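> one predicted model, sequence on top.
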Amino acid sequence: MERAEVTGLARDCEGWKVTTSAGTHQAEKVVISAGAWSRALLAPLGLRLPLLAERGYHIEISDPGVTLNNSFTDVEATVVASSMQGGLRVAGTAEFGGIDAAPDPSREAIFRKIARGICPDVADSPARMWMGRRPTLPDSLPALGAFPAHPGLFAAFGHSHHGLMMAPKTGEVIAELATGGDPGIDMAPYDPLRFG
């Protein structure tokens, strides 16, 4: 197994050339499953998909002074608060932004206010903020399948909030498609080129 950054993808007479930070590799078939970064890998091939980075945040208050016995969902604020090993985590919300845009620092104050609404006695101790980029398409369905004009190239990205939950089935579907099998479902709703 090799862990490396993929920096380029090109078709040549032997199939696909995948350029990485650790060298170049040849492959007959390639599955693009790079989350929100999939768009940049496909663009040089003339494939323009409306994939956006839906950015989700959480803060973890290191010494909150309160403990929740169960996770608490604030539906109006669209967040979940949970006591974790590292403190009180408040997670949720979504914003659309550029993949390389810096996290919005005002999110910490927003989450702290929500945390005080859930647990009025929460301490104002240091917090660690995290921001992740969810790959999202306009119809909230993933891009799964082949690119007919690019033999041997497959899409498996765009799962929005459901990436971990959908990963096993996505793997099964893409394995069937890549080996010429029948995935057993109607693939039309997931066509990577459905947006024109």
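Noted; the coordinates are in hand. Just so we're clear, the structure is a prediction, and the values are computed from it rather than from any experiment.

> so what pairs up with the residue nearest to the spatial centre of the chain in the strands?
By Cα atoms, centre = their mean, the chain has its centre lying nearest to residue 134, at 3.2 Å. Assessed by DSSP bridges, residue 134 has beta-bridge partners residue 54.

> how close does it sit to residue 163?
Distance from residue 134 to residue 163, counting by Cβ to Cβ, to the nearest Å: 7 Å. Every C-beta, even on glycine, is put in place using the N, C-alpha and C of the backbone.

> what of residue 45?
23 Å.

> what of residue 72?
24 Å.

> same deal with residue 129?
From residue 129 to residue 163 the distance is 21 Å (Cβ to Cβ).

> who does the lowest-mean-pLDDT helix or strand in the chain touch, helix- and strand-wise?
Least confident element among the helices and strands of the chain, by mean pLDDT, DSSP states H and E: strand 87-97 (a mean of 91). Strand 87-97 is packed against strand 52-61, strand 79-84, helix 106-118, strand 127-136, with contacts defined by 3 or more Cβ pairs under 8 Å, 6 or more residues apart in numbering; DSSP states H and E.

> got the CA positions of that strand in PDB?
The C-alpha coordinates for strand 87-97 follow below in PDB (Å, rounded to 0.1, in the frame of the first residue of the first chain):
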ATOM      1  CA  GLY A  87     -14.500  17.300  26.100                       C
ATOM      2  CA  LEU A  88     -17.900  18.500  25.000                       C
ATOM      3  CA  ARG A  89     -18.200  18.400  21.200                       C
ATOM      4  CA  VAL A  90     -20.700  20.600  19.400                       C
ATOM      5  CA  ALA A  91     -21.000  19.600  15.700                       C
ATOM      6  CA  GLY A  92     -23.100  20.500  12.700                       C
ATOM      7  CA  THR A  93     -24.100  23.300  10.400                       C
ATOM      8  CA  ALA A  94     -23.000  23.500   6.800                       C
ATOM      9  CA  GLU A  95     -21.700  26.200   4.500                       C
ATOM     10  CA  PHE A  96     -20.700  26.100   0.900                       C
ATOM     11  CA  GLY A  97     -17.200  27.400   0.100                       C
END
